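Chemist: quick check, what structure comes out for this input:
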Amino acid sequence: MEKHDFNPESLMMTYGYKPELSEGAVKCPIFQTSTFVFQTAEEGKAFFELAYGLREKSPKEELGLIYSRINNPNLEILENRLCLWDTSEDCAVFESGMSAISTVLLEFLKPGDLLVYSNPLYGGTDHFIHHFLSKIGVHTLGIMPNQDIDDITRMITNSGKADQLAMIYLETPANPTNDIVDIQMFVEIARQFSTKDKKTLVAVDNTYMGPLWQHPLQCGADLVLYSATKYIGGHSDLIAGAVLGAAELMLRVKTLRTFLGNMVSPHTAWLMLRSLETLKVRMDQQTSNAQIVANFLNRHPKVKHVYYLGLLKENSKAFSIYKKQCTAPGAMVSFDIEGGEKEAFTFLNHLRLMKLAVSLGSTESLAEHPKSMTHAGVDPEQCKKMNITDQLVRLSIGVEHPDDLVWDLEQALAKV
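Modeler: Residues are numbered from 1 along each chain as shown. Just a heads-up that it's a prediction; the model follows:
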């Protein structure tokens, strides 16, 4: 029979699961167990040797099931399926996006190292960088979206820590302003400061684009991170995170995860397997809706400015980056309302279909005020530099009918 390469959305139904091992169940059951039985003591020994890295895996040998803190069928199948979207060698799923982010930063950074990071960042990541990494002696250097390669290289050199640059951490598009940076440019910067003995890693938080609209690993990044709560989970009913990358790096991530104990539970993994089956359908509808919403807001007299990748000017640097590394403009729309916090709150308080809540990427549309909510802990002066102002409103567009979303926005803006 002729071999056929199935698309990821087709493989989300079956990949990595063998019904004959589960009483023929068409869907993967929940393996709600803490531990697994070994057939022999020799098998148990062999499983632990692999789990603790005491020997190399032989050809066709599988990592055996030991204990659900190390591995679990739901977890393994989920991680295998997530690898398909980013064409990654391996994946690790966590109990939250922040646990994924913090585990990566803790594994690859040590006292004395330099971390270069893009601005703006999700508020939780910003807090971890500024209030935790400094406590353990990690040096940090923030850069802005409009800086070019020469400017950034100069900043790193002038920091006096260039030989200690361990990681460049990017969030693109950025939360909540949709600022976009060139992943390949930062890969080149990382290469400049890498040595024979030490490679500078590039890690990208791809939450805003989900696993569909941007693939940082294909742009040269070493690690891609997600708050899997968002598009991957997609129904506002679970909390999870994910990290993907080359097998060598992911072994380190998974080893630390084992000892921190912050892997996802079997039930949450099962819920995410369910969500992956509709991932493309949901995200296609969400970006379609978002483009209609953004165009409506862009024409409204009470809207000062709209931050959306689909509205970037074609002759701009940001547009050329977007066309190079993204396949769609996404479903996150932020905008400055005419006025300030009072007007923003009036608008938010009068929404009837959209829900006033944080988070994003779910089937329902959500609205929030970043400066007083998700980014409340970010330094006020830094917020000002990043256009996170009292005027800014962030929308996560869901799968509702676009006419109803526009109607809701129009009637709420009329109250301002």
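Chemist: what's the distance between the nearest residue to residue 55 once chain neighbours are set aside and residue 159?
Modeler: Spatially, and ignoring its direct neighbours in sequence, residue 55 is nearest to residue 49 (5.0 Å; C-beta to C-beta, 6 or more residues apart in numbering). No exception for glycine: its C-beta is placed from N, CA and C like everyone else's. In this view, residue 49 and residue 159 are 43 Å apart by C-beta to C-beta, to the nearest Å.
Chemist: and what of residue 176?
Modeler: From residue 176 over to residue 159 the distance is 28 Å, taken as C-beta to C-beta.
Chemist: the more surrounded of those two?
Modeler: Remark: of residue 176 and residue 159, residue 176 carries more neighbours, 29 against 15, as counted by other C-beta atoms under 10 Å.
Chemist: returning to what we had before: do you know the pLDDT at the residue nearest to residue 55?
Modeler: At residue 49, the predicted lDDT confidence score is 89.
Chemist: and for residue 1?
Modeler: Looking at residue 1, its pLDDT stands at 62.
Chemist: tell me where the stretch 301-416 of the chain has helices.
Modeler: Taking DSSP state H, counting those that start in this stretch, the helices of the stretch 301-416 of the chain run over residues 317-325, 341-349, 380-385, 402-414.
Chemist: make JSON lines out of those helices and add distance to residue 184 and mean neighbour count.
Modeler: What follows is the helices of the stretch 301-416 of the chain, written out as JSON lines (distance: least, C-beta to C-beta, whole Å; neighbours: other C-beta atoms under 10 Å):
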{"stretch": "helix 317-325", "distance to residue 184": "7", "mean neighbour count": "17"}
{"stretch": "helix 341-349", "distance to residue 184": "36", "mean neighbour count": "17"}
{"stretch": "helix 380-385", "distance to residue 184": "25", "mean neighbour count": "12"}
{"stretch": "helix 402-414", "distance to residue 184": "34", "mean neighbour count": "16"}
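Chemist: which of the ones you listed has the lowest mean pLDDT?
Modeler: helix 380-385 (a mean of 90).
Chemist: put the alpha carbons of that one into PDB.
Modeler: Output of helix 380-385 as PDB, limited to C-alpha atoms (Å, rounded to 0.1, in the frame of the first residue of the first chain):
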ATOM      1  CA  PRO A 380       4.800  51.200  36.300                       C
ATOM      2  CA  GLU A 381       7.600  52.900  34.400                       C
ATOM      3  CA  GLN A 382       8.200  49.700  32.400                       C
ATOM      4  CA  CYS A 383       4.500  49.500  31.600                       C
ATOM      5  CA  LYS A 384       4.600  53.000  30.300                       C
ATOM      6  CA  LYS A 385       7.500  52.200  28.000                       C
END
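Chemist: shouldn't the residue nearest to residue 55 be within a helix?
Modeler: Yes. Judged by DSSP: H, G, I helix; E, B strand; the rest coil, residue 49 forms part of a helix.
Chemist: distance of it relative to residue 58?
Modeler: According to C-beta to C-beta, residue 49 and residue 58 sit 11 Å apart.
Chemist: who's more crowded, these two?
Modeler: More crowded of residue 49 and residue 58, by other C-beta under 10 Å: residue 49, with 14 against 8.
Chemist: just give me the neighbour total for residue 53.
Modeler: 11.
Chemist: one more: the one 10 residues further on?
Modeler: Using other C-beta under 10 Å, residue 63 has 13 other residues around it.
Chemist: now do residue 7
Modeler: Neighbours of residue 7 under the rule other C-beta under 10 Å: 9.
Chemist: circling back: export the helices of the stretch 301-416 of the chain to CSV and tack on distance to residue 36?
Modeler: Shown next, in CSV, are these (distance: least, C-beta to C-beta, whole Å):
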stretch, distance to residue 36
helix 317-325, 41
helix 341-349, 49
helix 380-385, 48
helix 402-414, 47
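Chemist: and residue 343, how far from residue 387?
Modeler: Counting by C-beta to C-beta - residue 343 and residue 387 are separated by 17 Å.
Chemist: quick check: residue 156 touching residue 117?
Modeler: No. Look at residue 156 against residue 117 with C-beta atoms under 8 Å: they stay out of range, at 11.9 Å.
Chemist: quick check: neighbours shared by the two?
Modeler: Overlap of the contact sets of residue 156 and residue 117 (by C-beta atoms under 8 Å, 6 or more residues apart in numbering) consists of residue 141.
Chemist: sorry, back to before: looking at the helices of the stretch 301-416 of the chain, spot the one closest to residue 140.
Modeler: Closest approach to residue 140 among these is made by helix 380-385 (12.5 Å; C-beta to C-beta).
Chemist: what are the contacting residues of the closest one?
Modeler: 119-120, 144, 371, 375, 389.
Chemist: repeat that with 10 Å
Modeler: For helix 380-385, contacts defined as C-beta atoms under 10 Å, 6 or more residues apart in numbering pick out 119-120, 126, 130, 142, 144, 370-371, 375-376, 379, 388-390, 392.
Chemist: ok, the residues you listed vs residue 64, which is closest?
Modeler: Among the contacts of helix 380-385, residue 126 lies closest to residue 64 (C-beta to C-beta), at 40.2 Å.
Chemist: how much space is there between that closest one and residue 34?
Modeler: 36 Å.
Chemist: got it, and residue 226?
Modeler: Distance of residue 226 to residue 34, computed by C-beta to C-beta: 27 Å.
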